[in-house]
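S.K.: Give me a model of this one.
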Amino acid sequence: MEKEKKLSKIKIAVIISVAVVFLCVAVFVLVLVLKPGFRYKVKSFFNSGKNEVALTAMSAKELDTEKVEVSEFIKWENVSFNQSMMLVNNEHTLADDYEADISEYKTTGVMMNSCMRDDYSDMSLDIIDKFDNTLYIMSSYRTAEEQEEISKEQDEESAMKAGASEHQTGLALDVYITEFAGAGFINCDVGQWVNQNSWKYGFIIRYPQFKEDITGIKFEPWHIRYVGFPHSEIIYNNSLTLEEHIAGMEIGKFYKFGKYIYTRQKGDEITVPADCKSYVVSEDNTGCFIITGKR
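M.R.: Prediction:
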């Protein structure tokens, strides 16, 4: 009799355990079906690292290079000087005399960094073509005074202090579509597409999920940041933050990726690859220059 009671209790425990597991699975599946944003986050977690790209690191001795003064280099006809690789955070703040290279985007009244206007336009037009929907800009360039006011109104996790905000460079945009803004942006098809494809236009999700320990900011699917090519592709496919990407560039080394070669140099005299058709030079706000050449 006792043996039968024990067996009966075991059976009941097994049935309850199976039922709990089944219920948990059912709830999880239901959440995946009803919450597209959650589904996207889960999918991104499992896909992370699958498209990782390899870089070839080289020294100056392995390349055809030349030394040149920065002041002279930026005067070359095939050299563009912009601010696309500026690292801005609580550790690397903008100088008090920093001036963003901003201009109006078309005739919208929106001010953004000049180096990204064309690429943002291409992405915006492609979204209209693919989704018959319009991508709007909620926030773009801010002055130091405007950023200071915002930081006073919000907590530190929501708004950076003046000098530590990318919005002061004009390189960052907070985007949305009708009915889907802020954290809800990831719940719509356009939001997910932007998070997966903005790198093709030179943008990155500046504060990606699972990287709060590095950026200090929670996942912001609506906050895109321009870095240009090929940096956007490397950052996206290797699941990096801008902090990690720049820290991974050893000063004086050269990195080859496809038809691009880039280097991080320090000082008034820099070493550059001599066989590129065009170059982009940007300060990185850490005391260095990042030179990106396209062969």
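S.K.: Ser80 against Ser282, yeah?
M.R.: No. Under the criterion of C-beta atoms under 8 Å, Ser80 makes no contact with Ser282, lying 9.2 Å away. No exception for glycine: its C-beta is placed from N, CA and C like everyone else's.
S.K.: Among the two, which residue is more densely surrounded?
M.R.: Ser282 (21 against 15; other C-beta atoms under 10 Å).
S.K.: now the more buried one, which residues is it bridged with?
M.R.: Taking DSSP bridges, one obtains Asn82, Ile290 as the residues bridged to Ser282.
S.K.: what bits of the stretch 1-150 of the chain have low per-residue confidence?
M.R.: Scanning the stretch 1-150 of the chain for pLDDT under 70 picks out 1-9, 11, 13-14, 17-18, 20-41, 43-50.
S.K.: what are the ranges of the helices in it?
M.R.: Assignment of helices within the stretch 1-150 of the chain using DSSP state H, counting those that start in this stretch yields the ranges 2-34, 36-47, 70-73, 117-131, 144-153.
S.K.: other SSEs contacting the third one?
M.R.: Just to be clear, that refers to helix 70-73. In terms of contacts (3 or more C-beta pairs under 8 Å, 6 or more residues apart in numbering; DSSP states H and E), helix 70-73 is packed against strand 269-273, strand 278-283.
S.K.: what does the first one contact?
M.R.: This means strand 269-273. Applying C-beta atoms under 8 Å, 6 or more residues apart in numbering, the external contacts of strand 269-273 come out as 60, 63-70, 73, 252, 254, 261, 263, 265, 279, 289, 291, 293.
S.K.: okay, stretch 189-197 in PDB with CA atoms only?
M.R.: Once non-C-alpha atoms are left out, stretch 189-197 reads as follows in PDB (Å, rounded to 0.1, in the frame of the first residue of the first chain):
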ATOM      1  CA  ASP A 189       9.000  46.000 -39.600                       C
ATOM      2  CA  VAL A 190      10.800  49.300 -40.400                       C
ATOM      3  CA  GLY A 191      12.500  49.400 -37.000                       C
ATOM      4  CA  GLN A 192      13.800  45.900 -37.300                       C
ATOM      5  CA  TRP A 193      14.900  46.600 -40.900                       C
ATOM      6  CA  VAL A 194      16.800  49.700 -39.700                       C
ATOM      7  CA  ASN A 195      18.500  47.700 -36.900                       C
ATOM      8  CA  GLN A 196      19.500  45.000 -39.400                       C
ATOM      9  CA  ASN A 197      20.400  47.100 -42.500                       C
END
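S.K.: Enumerate the positions of it that are buried.
M.R.: When neighbours are counted by 16 or more other C-beta atoms under 10 Å, the buried residues of stretch 189-197 are found to be Val190, Gly191, Gln192, Trp193, Val194, Asn195.
S.K.: out of those residues, which are inside strands?
M.R.: Taking DSSP state E, every one of those sits outside strands.
S.K.: so which of those residues comes closest to Val110?
M.R.: Minimum distance to Val110 across the buried residues of stretch 189-197 is 16.8 Å, recorded for Val194 (C-beta to C-beta).
S.K.: Could you pull up the contacting residues of that closest one?
M.R.: Contacts were defined as C-beta under 8 Å, 6+ apart; by that measure Val194 touches Met123, Ile127, Leu135, Val175, Phe185, Pro221, Ile224.
S.K.: can you pull out the helices in the stretch 151-295 of the chain?
M.R.: Listed from the start of the chain, the stretch 151-295 of the chain has helices (DSSP H, counting those that start in this stretch) covering 189-197, 212-215, 231-237, 242-247.
S.K.: and the shortest one, what other elements does it pack with?
M.R.: Contacts of helix 212-215 with other secondary structure elements, assessed using 3+ C-beta pairs under 8 Å, 6+ apart, are made with helix 242-247.
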